[in-house]
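K.L.:
Sharing a model prediction with you, sequence too.
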Amino acid sequence: MGGLFYLKIWLPVTNIPVPCVFHELTGLYCPGCGMTRTALSLLNLDVYQAIRYNLLAFLIPPLYIAYTLANKNQMRWASRWMMAVMLTVTLMFGLLRNLPALEWLAPTTLR
């Protein structure tokens, strides 16, 4: 409920977003940059725009589900492997979205 209040009432009324401290300090995009805008786009059923804000929001959930299932079924090697994959994907995404050749991974508004 608090998240919905923030996204649907606080942001539109005050226009005061939560800034990314990492981006403010370094000028680089962290793996989480664009997540609030992704959530807003998904609430408005604009999936393509949500993907453009942060593709990682769509890559991690399936991996996390696989991790949770492996962990629940006592498959320690698989759960460790899935955790390593999630960490690697997150770190690589954070690195790649700051390269000029892959600037399309940076949070982008289509309108």
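P.N.:
On my side now, so go ahead.
K.L.:
where does this protein have low pLDDT?
P.N.:
16, 111 (pLDDT under 70).
K.L.:
Residue nearest the middle of it, spatially speaking?
P.N.:
Centroid check for the chain by C-alpha atoms, centre = their mean gives residue 57 as the closest residue, at 3.8 Å.
K.L.:
So which residues of the protein form helices?
P.N.:
With DSSP state H, the ranges of helices along the chain come out as 2-5, 11-14, 21-26, 35-43, 47-53, 56-72, 76-96.
K.L.:
Include distance to residue 110 when you put these into a markdown table, please.
P.N.:
Quick note: C-beta positions are derived from backbone N, CA and C, even for glycine. As requested, those are exported to a markdown table (distance: least, C-beta to C-beta, whole Å):
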| stretch | distance to residue 110 |
| --- | --- |
| helix 2-5 | 24 |
| helix 11-14 | 19 |
| helix 21-26 | 20 |
| helix 35-43 | 10 |
| helix 47-53 | 6 |
| helix 56-72 | 16 |
| helix 76-96 | 20 |
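K.L.:
Of these, flag the one that's most buried.
P.N.:
Greatest average neighbour count among the helices of the chain goes to helix 35-43 (a mean of 19), per mean count of other C-beta atoms under 10 Å.
K.L.:
what's it packed up against?
P.N.:
Other helices and strands packing on helix 35-43, by 3 or more C-beta pairs under 8 Å, 6 or more residues apart in numbering; DSSP states H and E, are helix 47-53.
K.L.:
Quick one: list the elements packing against the helix it packs on.
P.N.:
Using 3+ C-beta pairs under 8 Å, 6+ apart, helix 47-53 sits against helix 35-43, helix 56-72.
K.L.:
can the ones you listed go into a markdown table with extra columns for distance to residue 19?
P.N.:
Shown next, in a markdown table, are the helices and strands packed on helix 47-53 (distance: least, C-beta to C-beta, whole Å):
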| stretch | distance to residue 19 |
| --- | --- |
| helix 35-43 | 10 |
| helix 56-72 | 18 |
